[in-house]
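Colleague: I would like the atomic coordinates for the input below:
(one chain, ligands or ions: 2)
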Amino acid sequence: MKIESICCIGAGYVGGPTMVVIAKQCPHIKVTVVDINQARIDDWNSNDCGELPIFEPGLAEIVKETRGRNLFFSTNIDKAIDEADMIFISVNTPTKTYGKGKGMAADLKYIELCARQIAKVSKQDKIVVEKSTLPVRTASAIKNILDHTGNGVQFQILSNPEFLAEGTAVQDLLKPDRVLIGGDASTKAGQKAIEALVDIYANWVPNDKILTTNVWSSELSKLTANAFLAQRVSSINAMSEICEMTGADIKEVSKAIGMDSRIGPKFLNASVGFGGSCFQKDILNLVYIAKSYGLNEVADYWEQVVLMNDHQKNRFSDNIVNTLYNTVSGKKIALLGWAFKKDTNDTRESAAIRVADNLLNEQANLFVFDPKVTEEQIYADLDYLGNRFPEDNKNLLQVCSTPYEAIEGAHAIAILTEWDEFKAYDWKEIYEQMQKPAFIFDGRAILDKSKLEDIGFVYYQIGRGN
Ligand code: UDX
Ligand code: ADP
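Modeller: Ligands and ions are numbered 1, 2, ... in the order given. Predicted structure coming up:
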C-alpha cells in the first residue's frame, strides 16, 4: 500500500516537528497537520515562520522549505481525515485531574474524541497511528470505537511512539536511535499497514533501526524508556544530596560511573529536578497500570522516582530560604530560566514552577528571566497551581525581558534552566549590581565555582559539597 496523503491530528510539540520532518524527507507525500486550536495553526502558518508556536533549533528552516510544497497546517480536520490514507493521532494525553485515576492515569478523552471523529468522517479504509504516549492497550480501545462507529470502513491501528526529546527534536527525528512500529502482524491487512509505515521511515532511516513489534510491546516500550530515563535522573539527583553532605562532587561521580560501559555517560547530570510533559506523566501512568493489576511493589518502586524528583525541587528552594538567614520575605530573588530544559520554550512540569511557588509561599519577590518563555506562559503556569490569586502572582513575581533587569539589586540568583547564554554573562558586572553578600544557587551546575567565588559570590552548586 502506497501512502500518498498523511493527516496528523494535533499540532503540538510531538505532532508538529514529527510531521515537518516527514514532509522534508518524503516530498512525494502530502502531509496535513490539523488542530482545533486556531491560534496554534495560525502561528504554524505565520509569515516567514516568525511566530512558530514551538521553538526548536533547526525547525523554522525546514518549515520554510516544506510549507506550501507538501506540508500544510489547517483547522479543517474533517477534510484532512477524509483525504488521508494514514492518520497520526498526536493529541495531548495529560494526567487525569478528576474522577477515577485522578493524578495518576492518563486522560484519554482527547484520544477518544479523535477516534470518534475519524470513524464519523472516513469513507475509505485507513491506517490510524498512535503517536501520543498512551497507556498499554489504548490501541484496542481506539480499534473498538472505530470498528463499532465507522460505516463499514476497515481500520488498521499501529503504535508508533515518538522518542524525540525537546530541544533536539529535529536531530532526533532526522537521526533516530530507533523507530518503533507496533502492529498486528497476524493478519494480512495488519502486515500491510506495518509495511506502509516502515516504507515511510525507510526514506531516511536505515532498515536495522526500524523495529516492528506487537502493539502492546510498542506501547509499553515507550513508557519503559521514559521510566528508565527519569529513574536515571532521580538516581543521580539522590546521589547529589549525598555529595553535598559528604563533600564529594556529583560531576566527578557521574564521570567516574559513566566510564563504565555498562552504565554509559549520558543522562547523568544532577539538576534541580526533571520536568517535561513525559517523565512524570508516564511514570504515574505506569504506577496506575501496576496498581490496577494489583502489582503494588512494582507501583511503589516506580512512584519513588517521582517522589525523589519532588524532594529535589523542594530541597533546592528550602536551601535558598535557609541560606538567606531563614527568611526570603520581601527579598528580591532572580530566577534565571523557566523552561524545563534549554533550547525549548516548553514549561510543562518545569522544576522552576515548583521552586517559584515554594519561594512565593515564603513571600519572596521573584524576578524571572527566560530567553524563550513568554510572560503569559509564566503566569499561566503559576495560576494553574491555584495556590494564590492571579493578581497576587502578578504582584509577587515580575517577568523581565533582560537578565540584568532581573538581577539588579537582587539578594540571590537561582539558575533553574541550563541555557548556554547564562554561562557567557559578565558575572563580575552582575556581582556589582547585587546586594551583598551576593548568593548564587546553581540548580544546573553550569557555572565555574572557583571563578565565581573569586569574584566574591557565595556560590552553591547542586551536588557539590563544600
Ligand atoms: C523525554 C525523553 O528523553 C524522550 O525520549 C521522550 O520522547 C519524551 O520525554 P524530553 O522531556 O523532551 O524528552 O527531555 P529530556 O532531555 O529527556 O529531559 C527531561 C528532563 O530531565 C529535563 O527537565 C532535563 O533537564 C532533565 N535531565 C535530563 C536532567 O536533569 N539530567 C539529565 O542528565 C538529563
Ligand atoms: P504534545 O507534547 O503531546 O505534542 P501538545 O499539547 O503540545 O502535546 O499538543 C497537542 C495538540 O493536540 C494541541 O495543540 C491540541 O490543541 C491538539 N488537540 C487536542 N485534541 C484535539 C482534537 N480532538 N482535534 C484536534 N486537535 C486536538
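Colleague: From here on, just use CA atoms for contacts and neighbour counts.
Modeller: OK.
Colleague: ok, Y425 - how many residues close by?
Modeller: 12 (other CA atoms under 10 Å).
Colleague: pLDDT wise, what is it at?
Modeller: What the model reports as pLDDT for Y425 is 97.
Colleague: Would you agree it falls within a helix?
Modeller: No: if the criterion is DSSP: H, G, I helix; E, B strand; the rest coil, then Y425 is coil and not within a helix.
Colleague: The helix or strand of the chain with the lowest mean pLDDT vs ligand 2: in contact?
Modeller: In the chain, no helix or strand scores lower on mean pLDDT, DSSP states H and E than helix 138-149, which sits at a mean of 84. No: with CA under 6 Å from any ligand atom as the criterion, ligand 2 is not reached by helix 138-149; the gap is at least 13.4 Å.
Colleague: how about that helix: buried residues?
Modeller: Buried residues in helix 138-149, defined by neighbour count with 16 or more other CA atoms under 10 Å: 138-139, 142-143, 145-147, 149.
Colleague: right, and out of the residues you listed, which lies closest to G456?
Modeller: T138 (56.3 Å; CA to CA).
Colleague: Contacts made by stretch 220-229 with the rest, please.
Modeller: 133, 135-136, 161-163, 267, 278-279, 282-283, 286, 302 (CA atoms under 8 Å, 6 or more residues apart in numbering).
Colleague: And the strands in the chain?
Modeller: 5-9, 30-34, 71-74, 86-89, 126-130, 155-159, 179-182, 210-213, 332-336, 365-369, 397-399, 412-415, 439-442, 458-461 (DSSP state E).
Colleague: To A256, which of these lies closest?
Modeller: strand 458-461 (18.9 Å).
Colleague: about what we covered before: what's the closest of the strands of the chain to Y384?
Modeller: Of the strands of the chain, nearest to Y384 by CA to CA is strand 397-399, at 14.8 Å.
Colleague: Just list whatever residues bridge to C7.
Modeller: T32, I87 (DSSP bridges).
Colleague: Hmm, A84 and it touching each other?
Modeller: Yes: using CA atoms under 8 Å, C7 is in contact with A84, at 5.6 Å.
Colleague: Comparing those two, which residue is more hemmed in?
Modeller: Using other CA under 10 Å as the criterion, C7 and A84 rank with C7 on top: 26 against 23.
Colleague: show me the contacts for that one.
Modeller: 31-34, 80-81, 83-88.
Colleague: let's go with 6 Å and repeat that
Modeller: By CA atoms under 6 Å, 6 or more residues apart in numbering, the residues touching C7 are 31-33, 80, 84, 87.
Colleague: how near is the residue of the chain most remote from its centre to D282?
Modeller: Here the chain reaches farthest from its C-alpha mean at G152, the gap being 37.9 Å by CA atoms, centre = their mean. Distance of G152 to D282, given as CA to CA, to the nearest Å: 35 Å.
Colleague: What's the local residue count around S277?
Modeller: 19.
Colleague: likewise E376?
Modeller: 9.
Colleague: residue contacts, it?
Modeller: Per CA under 6 Å, 6+ apart, neighbours of E376: none.
Colleague: for whichever residue of the stretch 151-300 of the chain sits closest to ligand 2, phi and psi?
Modeller: Scanning the stretch 151-300 of the chain for the residue nearest ligand 2 gives S277, at 6.4 Å (criterion: CA to the nearest ligand atom). For S277, the backbone dihedrals (degrees, to the nearest 10) come out as phi -80, psi -10.
Colleague: List the buried residues of stretch 2-10.
Modeller: 3, 5-10.
Colleague: ugh, wrong one, I meant stretch 434-451
Modeller: For stretch 434-451, by 16+ other CA under 10 Å, it's 434, 438-447, 449.
Colleague: Kindly report the same for stretch 396-413.
Modeller: Residues 397-400, 403, 405-413 are the ones in stretch 396-413 that count as buried (16+ other CA under 10 Å).
Colleague: Equivalent analysis for stretch 376-385, please.
Modeller: Residues of stretch 376-385 classed as buried by neighbour count (16+ other CA under 10 Å): 378-379, 381-383.
Colleague: Could you work out the most separated pair of the contacts of C7?
Modeller: V33 and A84 (10.9 Å).
Colleague: Would the lengthiest helix in the chain count as contacting ligand 2?
Modeller: Longest helix in the chain, counting residues (DSSP state H): helix 215-246. No: with CA under 6 Å from any ligand atom as the criterion, ligand 2 is not reached by helix 215-246; the gap is at least 13.2 Å.
Colleague: ok, is that helix in contact with ligand 1 or not?
Modeller: Yes: on the criterion CA under 6 Å from any ligand atom, helix 215-246 is in touch with ligand 1 at 226, 233.
Colleague: Kindly report the same for stretch 265-284.
Modeller: Yes: counting by CA under 6 Å from any ligand atom, contacts between stretch 265-284 and ligand 1 involve 267-271, 273-279.
Colleague: Not counting that stretch itself, show me its contacts.
Modeller: With CA under 6 Å, 6+ apart, stretch 265-284 has contacts from 95, 104, 223, 226-227, 230, 236-237, 254, 258, 309, 312-313, 340, 348-351, 443-444.
Colleague: number of nearby residues for T374?
Modeller: With other CA under 10 Å as criterion, T374 counts 16.
Colleague: And the furthest pair within the buried residues of stretch 2-10?
Modeller: The widest separation within the buried residues of stretch 2-10 (CA to CA) is 19.8 Å, between I3 and G10.
Colleague: Buried residues in stretch 314-322, which are they?
Modeller: Applying a neighbour-count criterion of 16+ other CA under 10 Å, one finds 314, 316-318, 320-321 buried in stretch 314-322.
Colleague: cool, stretch 416-432 as well?
Modeller: Within stretch 416-432, the residues that count as buried by 16+ other CA under 10 Å are 416-419, 422, 427, 430-431.
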